[in-house]
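J.: Mind looking at a prediction? Sequence and model below.
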Protein chains: 2
Amino acid sequence: MINSKMYELGTKKSTIRTIFEFGRKRAMEVGEDNIFDFSLGNPNVPTPKFVKDAIVDILETLPPSKVHGYTVAPGNPRVREILAKSLSDKFSTNLEGKNLFLTAGAAAAITISFKALAEDQDEFVTFAPYFPEYKVFVESVGAKLIVIPAQTSDWQIDFDKFESSLNSHTKAVIINSPNNPSGAIYSRETLEKLAEILKKKSSEFGHPIFIISDEPYREIAYDLEVPYVPQIYSDTLVCYSYSKSFSLPGERIGYIIVPDEIADFEKIYGAIAGAARVLTHVNAPSLWQLVIARCAGKPSDISTYERNGKILYEGLISAGFECVKPQGAFYLFPKALESDDEAFCERAKKFDLLLVPGKDFGCPGYFRAAYCIKTETIERSIPKFKLLAEEYLK
Amino acid sequence: MINSKMYELGTKKSTIRTIFEFGRKRAMEVGEDNIFDFSLGNPNVPTPKFVKDAIVDILETLPPSKVHGYTVAPGNPRVREILAKSLSDKFSTNLEGKNLFLTAGAAAAITISFKALAEDQDEFVTFAPYFPEYKVFVESVGAKLIVIPAQTSDWQIDFDKFESSLNSHTKAVIINSPNNPSGAIYSRETLEKLAEILKKKSSEFGHPIFIISDEPYREIAYDLEVPYVPQIYSDTLVCYSYSKSFSLPGERIGYIIVPDEIADFEKIYGAIAGAARVLTHVNAPSLWQLVIARCAGKPSDISTYERNGKILYEGLISAGFECVKPQGAFYLFPKALESDDEAFCERAKKFDLLLVPGKDFGCPGYFRAAYCIKTETIERSIPKFKLLAEEYLK
């Protein structure tokens, strides 16, 4: 009577959601302050005041039809010009308005890109640990997601495993740096090596293999450079969202960059417009288009995330955990203290530490801790992590 | 290299768009005042001031994380409760928050509904004249759109043709009242007859045939009642948008009503959640969720559309056109003065009258005139329509 696949996708609770709901229940029993909920990747830094100021100014100065009317499908042309100029200054590149397609956030941006590119039997490759919705979104456009096992030493890329996965059906490689859940950033060296292999394989297979660079965490990077991928590999679509950088996850605003240098710009941009149409993204929310233009180039406040990451990292190390240093995003992805990460996370609950098993991200044996929560909660969680670690020494 | 179907959907210009662009060019030659552009269904009544007041009040009184944070996929529970209460009062029914699923406008609402319901080989039935995107959206979920020829005398339903189109593959019937493009409203009698046939056929085929009631123009109705369809036929999903009622087409905010009485509520609501997920509507824009809750039950200003419709209708009748009286939405759909509606619309251009051929809406021999434009422009267009009509008397 209904589409049972949709029912399954709409009702099967994610592990993260289940943990979060457990936390809400538990908080009622032991009090909010005694729960250490590291489960959700929901930005806790307040939306910057300049966003509110921009909204009020737009409402005061523009007629409603200019604010709330339909825009053309790729987005308000003047907004795209302003963003292109800002991005060109930032990345020393040559973007124009026509290189941008505004979207309802990064989920829409990546899925529109998948749908624009995907043909029968296509494969999209990504690297563990990875954002689990990739699988849902890639399969929803009729393609297959191939996951390359993690390089756990530094969360860069295991190139041997990667290269051997490529074949004539490979349409694109999905990267996510800074990464959810590892918190790592791909170095320029990693991206150059990736580009080298893709150039070789594209030529071998006689068609381009694209990079789809999912960058919602681009602005949340502590010390390391986040390279602009199209300058390293031209067949790249950059997918961006303001969800994390300006703490606007509910508003659904972002964009796709389609660089001039990409193979057949006109065909790809056209297919993106078609994909947005059938996914019923008529246009990105129009008020938000104007807001991001007014806020173009304004800084993200990452000081809280940086402080939180440092405190949690140092606490975990002192408790005896193995963990790669925080580089960006707002996640740590330490090694679990037993090989069964689900059993480990279950055990952590005894101390009201709510952690997400690495298995959920295609990387068993590890766990994700989202540190976009109160600094004080993180500080008070450290003794709990120590108690948890002691359990394993008994 | 790319998905050619997406390219085609993203680049093939619609007739309406082509006419609109012609109008922009022509306006540069002859001046804005000398173009009578009836092509676009873009609301011209300003967004009500209470919308702006609501936005400012929300920004002043709530913390940013409550305004701009993720909501659960179906939408903020408190917002859904408020809307359900308001709708229950309006329609004397018993909706609760759980009966609503907030969406990014009506395009998302209907396509999510299609995708939630569509299985292999399914057919969705609609009635000419119809909104051309129905075909794109229905085909995008893998189903087939069946179009019942128009009942041109009054734009109600030709039930003989309708009944003979139903078969075991029929999943749902899409209705749109007040209608784009006919401007007609389905009477209670029409809906009761429709329900009677659907009940009979559902029982004959052993599965429910749903109604998907696409109602973005519900509030734009002049004298006639717009019945609440679930009270007449319980297997109905109501799809609504604030695009027209509050002149917010660019903001993408609306909802689906899933009544308790529908066959297998839980399955359908779950499948809707899954469909929204794969169409990457993570949640309806969060600020707009709060805005529509604050504006629940507030009136739409339809006086301009009513006045415009009357002036245009009387002008057309006096010029010798045949046309059903305006009932709602902001369209008239008169008979063209020759059987070839495209040739007729081409001829109208000589007088700078920009009209859309009925063929585009599955109803050749007629044309659409969208009267959501300046009243004064409509007044000045009447002599032009008279000159056009005289051409056919020569």
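T.: Looks like it arrived, so ask away.
J.: ranges for the strands of the stretch 101-250 of chain A?
T.: Taking DSSP state E, counting those that start in this stretch, the strands of the stretch 101-250 of chain A run over residues A:123-127, A:144-148, A:170-175, A:210-214, A:236-241.
J.: Which one of these lies nearest to A:Gly31?
T.: A:Gly31 sits nearest to strand A:236-241 of all the strands of the stretch 101-250 of chain A, at 34.1 Å, using Cβ to Cβ. Every residue, glycine included, has its C-beta placed from N, CA and C.
J.: Pull the residues that contact stretch A:177-191.
T.: A:41, A:129, A:131, A:150, A:154-157, A:175, A:194, A:213, A:215, A:217-218, A:220-221, A:224-227, A:229, A:232-233, A:309, A:324, A:326-333, A:356, A:358, A:361, A:363, A:368 (Cβ atoms under 8 Å, 6 or more residues apart in numbering or on different chains).
J.: ok, of those, which come out buried?
T.: Buried by 16 or more other Cβ atoms under 10 Å in any protein chain shown: A:41, A:129, A:131, A:150, A:155-157, A:175, A:194, A:213, A:215, A:217-218, A:220-221, A:226-227, A:229, A:232-233, A:309, A:324, A:326-333, A:356, A:358, A:361, A:363, A:368, out of the contacts of stretch A:177-191.
J.: A:Val210 contacts A:Lys171, correct?
T.: Heads up, residue A:210 is Phe, not Val. Yes: A:Phe210 lies in contact with A:Lys171 (Cβ atoms under 8 Å); the separation is 6.7 Å.
J.: which residues are in contact with both of these two?
T.: Residues touching both A:Phe210 and A:Lys171 (Cβ under 8 Å, 6+ apart) are A:Leu117.
J.: Which ones among the contacts of stretch A:177-191 map onto helices?
T.: If you go by DSSP state H, those have A:194, A:309 in helices.
J.: Report how many residues lie close to A:Ser318.
T.: For A:Ser318, the neighbour count with other Cβ atoms under 10 Å in any protein chain shown is 12.
J.: Contact partners for it?
T.: Each residue near A:Ser318 by Cβ under 8 Å, 6+ apart is listed here: A:382, A:386.
J.: same deal with A:Asp89?
T.: A:Gly297.
J.: got it, and A:Ile268?
T.: A:Ile268 neighbours (Cβ under 8 Å, 6+ apart): A:116-117, A:237, A:258, A:262, B:2.
J.: who's more crowded, A:Phe210 and A:Lys171?
T.: A:Phe210 (27 against 24).
J.: Who does A:Glu123 form a beta bridge with?
T.: A:Lys144, A:Thr170 (DSSP bridges).
J.: which parts of the stretch 51-200 of chain A sit against chain B?
T.: With the criterion set to Cβ under 8 Å from any Cβ of the partner chain, the stretch 51-200 of chain A comes near chain B through A:51-52, A:55-56, A:59, A:63-65, A:67-71, A:104-105, A:107-108, A:111-112, A:115-119, A:136-137, A:140.
J.: which of the residues you listed count as buried?
T.: For those, a burial check counting by 16+ other Cβ under 10 Å picks out A:51-52, A:55, A:59, A:64-65, A:67-71, A:104-105, A:107-108, A:111-112, A:115-119, A:136-137, A:140.
J.: just checking, which of those residues belong to helices?
T.: Short answer: those in helices (DSSP H) are A:51-52, A:55, A:59, A:64-65, A:67-68, A:105, A:107-108, A:111-112, A:115-117, A:136-137, A:140.
J.: Identify the residues contacting the lowest-mean-pLDDT helix or strand in chain A?
T.: With mean pLDDT, DSSP states H and E as the measure, the helix or strand of chain A carrying the lowest mean pLDDT is helix A:15-30 (a mean of 90). Applying Cβ under 8 Å, 6+ apart, the contact partners of helix A:15-30 are A:13, A:34-35, A:37, A:39-40, A:345, A:349, A:352, A:354-357, A:360.
J.: Beyond it, next helix or strand please.
T.: Counting by DSSP states H and E, the next helix or strand C-terminal to helix A:15-30 is strand A:36-37.
J.: pLDDT (mean, whole number) over that next one?
T.: Strand A:36-37 carries an average pLDDT of 96.
J.: Equivalent analysis for stretch A:197-217, please.
T.: Mean pLDDT, computed over stretch A:197-217, is 98.
J.: cool, stretch A:46-65 as well?
T.: Averaged over stretch A:46-65, pLDDT sits at 97.
J.: how far is it from where the chain is centred?
T.: 27 Å (Cα atoms, centre = their mean, to the nearest Å).
J.: Leaving out the residues flanking it, which one is nearest to A:Ala339?
T.: For the record, residue A:339 is Ser, not Ala. Spatial nearest neighbour of A:Ser339, chain neighbours left out: A:Gly365 (5.6 Å); criterion: Cβ to Cβ, 6 or more residues apart in numbering or on different chains.
J.: Count the neighbours of that neighbour for me.
T.: There are 16 residues near A:Gly365, going by other Cβ under 10 Å.
J.: Cross-check the contact I'm expecting between it and A:Ala336.
T.: Yes: applying Cβ under 8 Å as the test, A:Gly365 and A:Ala336 come out as touching, 5.8 Å apart.
J.: Mind listing the shared neighbours of the two?
T.: A:Gly358.
J.: residues making contact with stretch A:359-369?
T.: When contacts are defined by Cβ under 8 Å, 6+ apart, stretch A:359-369 is touched by residues A:14-16, A:38, A:128-132, A:147, A:150, A:152, A:181, A:312, A:331-336, A:339-342, A:344-345, A:348, A:355-358.
J.: swap in stretch A:219-230?
T.: Stretch A:219-230 is contacted by residues A:91, A:93, A:175, A:177-178, A:185-188, A:191, A:211, A:213, A:215, A:218, A:236, A:238, A:244-245, A:257, A:259, A:261-262, A:299-300, A:302, A:305-306, A:309, A:326-330 when judged by Cβ under 8 Å, 6+ apart.
J.: For the stretch 201-350 of chain A, which residues are neighbours of chain B?
T.: A:207-208, A:247-252, A:263-264, A:267-283, A:285-289.
J.: rerun that using 7 Å as the cut-off
T.: When proximity is defined as Cβ under 7 Å from any Cβ of the partner chain, the stretch 201-350 of chain A approaches chain B at A:207-208, A:247-252, A:263-264, A:267-268, A:270-275, A:277-280, A:282-283, A:285-287.
J.: and these, which are buried?
T.: Neighbour counting by 16+ other Cβ under 10 Å classes A:208, A:247-252, A:267-268, A:270-275, A:277-280, A:282-283, A:285-287 among those as buried.
J.: domain ranges for chain A?
T.: Partitioning chain A according to automatic domain parsing yields domains covering residues A:4-47+A:301-391, A:67-294.
J.: Buried deepest among those domains, which one?
T.: domain A:67-294 (a mean of 21; mean count of other Cβ atoms under 10 Å in any protein chain shown).
J.: all helices in the stretch 251-394 of chain A, in order from the N-terminus.
T.: Remark: helices assigned in the stretch 251-394 of chain A by DSSP state H, counting those that start in this stretch are A:265-278, A:286-294, A:303-318, A:341-348, A:375-391.
J.: So which of these is nearest B:Arg78?
T.: Using Cβ to Cβ, the helices of the stretch 251-394 of chain A put helix A:286-294 closest to B:Arg78, at 21.8 Å.
J.: So what angle separates the directions of that closest one and helix B:286-294?
T.: Helix A:286-294 and helix B:286-294 are oriented at 140 degrees to each other (axes from the mean of the first three to the mean of the last three Cα atoms, to 10 degrees).
J.: could you say what helices and strands helix A:286-294 packs with?
T.: In terms of contacts (3 or more Cβ pairs under 7 Å, 6 or more residues apart in numbering or on different chains; DSSP states H and E), helix A:286-294 is packed against helix A:49-61, helix A:64-68, helix A:77-91.
J.: Brilliant, that's me finished.
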